[in-house]
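# From the sequence below, what's the structure:
(one chain, ligands or ions: 1)
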Amino acid sequence: MNLRPIADKVERGERLTREDGLALFASNDLLTIGRLANLANVRKNGERVYFAANQHINPTNVCILRNTCVFCSFARMPKEDGAYTRSLDEVFAEADAARDNPTREFHIVGGLHPKLKLSYYTDMFRGLKQRHPQVMIKALTAVEVAHLARIDGISTRDVLVAMKEAGVSTLPGGGAEVFSPAARATIADRKLTGEEWLAVHREAHQLGMPSNCTMLYGHVETIEDRVDHLLALRALQDETGGFLTYIPLAYHPDHNELGETLGRTGTATTGFDDLKNIAVGRLLLDNIPHVKTHWPMVTPFISQVALTFGCDDLEGTVVFERVYHEAGAPTPMWLSYDEIVTLIRGAGKEPVERDSLYQTVRTFEGYQTKPPAVPVRPQGPAPQGALFQIEHRAQAAARRKPPVATVVDGAE
Ligand code: V47
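Reported below is the predicted structural model:
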């Protein structure tokens, strides 16, 4: 496929059309797509690559959509094995357990619990702000916001106002999946519709709360679904300007019904598709300032390459990740601050530690990194076949220890 007309548009800084998006996804000329996305990114962000020293916290995995969001491996029914709901003290203890650097952002998402009310979350946000005033809070997907509105019998706008008053700065981008009604009916039948998801983000932006956006790819969606999803995000951004970052999320098929139905257990998206999704996202979303690569899903190595395929943001330290590791992601559970700096420098880029609003916390001229305590890359002789899997998984497992004892009450 000849990408020259698209390349000319990108070089002139012109907006790409739906047909251009379809042509990019249909093309296998990954290096051209990557080069164009890198050009689009460098125009916006120079050689800077941002990261947040963040902690992911998941207060509950109990979710009333457990049986209909068939791609999700994290959710549990209230009385199912492995179901947990943290007390506020347990959340505060987990928040205290940063690893080797001060945390700057809490990323807080969970399930749609049938009984937890808005006050559980606002008390949590207030308590976290009181204990860690320097840490910004990015919390609750649009789907959780809409669920709390139903539980509390108030509007989504009122939920957002209460969250803001309790100290939340931004919303994460989860729950968007893919907006196509046909794909959504297959993978997330009873979830908020695409339009409802966009409406919650519109309200957040109107209230002065910026947010992120995502797309879950690599399941049953078509390339038309991908392009239409990206164009819907672009249209909302034209209207509000409130999206900070786009994060493509690679579907992982282990331990969920969809993976079994599709016969995909034990496989994942390919590196080729991961890089293409990142690059096409950067090219179509010409009005969103940042594109983040989520290393827990695509591996630190693909994420590092993504930094020259249109990404200017690398997922942070994370500390303890559950959503993807429940789905079988064989990646480390966390990366140290210095490993992140090393990955960014290794791509020839300039690391910048940021807060949730992309304000610079620190730059790294002359900064000396320490070697990692547990290696990110499998060590020893060149690994082969199954042995590689075992070795890699053993090293990944060594990083999986939670920072505090996992408390599972299962009694909700
Ligand atoms: O909405 C769930 C995805 C999302 C699986 O805003 C899965 O900075 C792959 O949105 N395979 C939640 N993906 C996580 C999320 C996120 C992550 C990192 C940063 C930000 C941000 C947001 O995780 C869900 C869904 O799309 N997900 N299960 C799975 N089996």
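# Setting aside sequence neighbours, what's the nearest residue to whatever residue of the stretch 101-250 of the chain ends up closest to the ligand?
Going by C-beta to the nearest ligand atom, the ligand is nearest to Gly174 of the stretch 101-250 of the chain, at 2.5 Å. (C-beta placed from N, C-alpha, C; glycine too.) Spatial nearest neighbour of Gly174, excluding adjacent residues (C-beta to C-beta, 6 or more residues apart in numbering): Thr141 at 4.0 Å.
# Could you count how many residues lie near the nearest residue to Leu198 once chain neighbours are set aside?
Of all residues not flanking Leu198 in the chain, Leu236 sits nearest, at 5.3 Å (C-beta to C-beta, 6+ apart). Look at Leu236: counted by other C-beta atoms under 10 Å, it has 21 neighbours.
# Kindly confirm my reading that Leu236 forms part of a helix.
Yes - under DSSP: H, G, I helix; E, B strand; the rest coil, Leu236 sits within a helix.
# quick one: contacts for it?
Leu198, His201, Arg202, Gly242, Phe243 (C-beta atoms under 8 Å, 6 or more residues apart in numbering).
# List the residue ranges of the stretch 301-412 of the chain that fall below the pLDDT cut-off.
Applying pLDDT under 70 to the stretch 301-412 of the chain flags residues 372-412.
# Wait, the residue nearest to Gly174 touches Met163, no?
No - applying C-beta atoms under 8 Å, one finds Thr141 not in contact with Met163, separated by 11.8 Å.
# residue ranges of the strands in the stretch 51-200 of the chain, please?
Shown for the stretch 51-200 of the chain, the strands assigned by DSSP state E, counting those that start in this stretch span residues 54-57, 105-108, 136-139, 168-170.
# just to revisit the earlier point, who touches the residue of the stretch 101-250 of the chain closest to the ligand in this structure?
Here Gly174 is in contact with Val109, Thr141, Val143, Thr214 (C-beta under 8 Å, 6+ apart).
# before we move on, what about Val341?
Pro351, Phe364, Tyr367, Thr369.
# burial of the closest residue to Thr186 other than its chain neighbours, as a residue count?
Leaving aside its sequence neighbours, Thr186 sits nearest to Val220 (C-beta to C-beta, 6+ apart; 5.2 Å). By other C-beta under 10 Å, the residues close to Val220 number 19.
# residue contacts, Val220?
By C-beta under 8 Å, 6+ apart, the contact set of Val220 is Ala183, Thr186, Ile187, Leu258, Leu262.
# Among these, which one has the most neighbours?
Per-residue neighbour counts (other C-beta under 10 Å) across those peak at Ile187, which has 23 neighbours.
# burial count for the closest residue to that residue other than its chain neighbours?
Setting aside the residues directly before and after it, Ile187 is nearest to Phe71 in space (C-beta to C-beta, 6+ apart), at 4.9 Å. Neighbour count for Phe71, taken as other C-beta under 10 Å: 21.
# And for His255?
15.
# Helix or strand: which one has it?
According to DSSP states H and E, His255 maps onto no helix or strand at all.
# Asp152: neighbour count?
14.
# residues contacting the nearest residue to it once chain neighbours are set aside?
Excluding the flanking residues, the one nearest Asp152 by C-beta to C-beta, 6+ apart is Leu118, at 4.8 Å. Applying C-beta under 8 Å, 6+ apart to Leu118 gives the contacts Leu148, Ile151, Asp152, Ile154, Val159, Ala162.
# Good, wrapping up.
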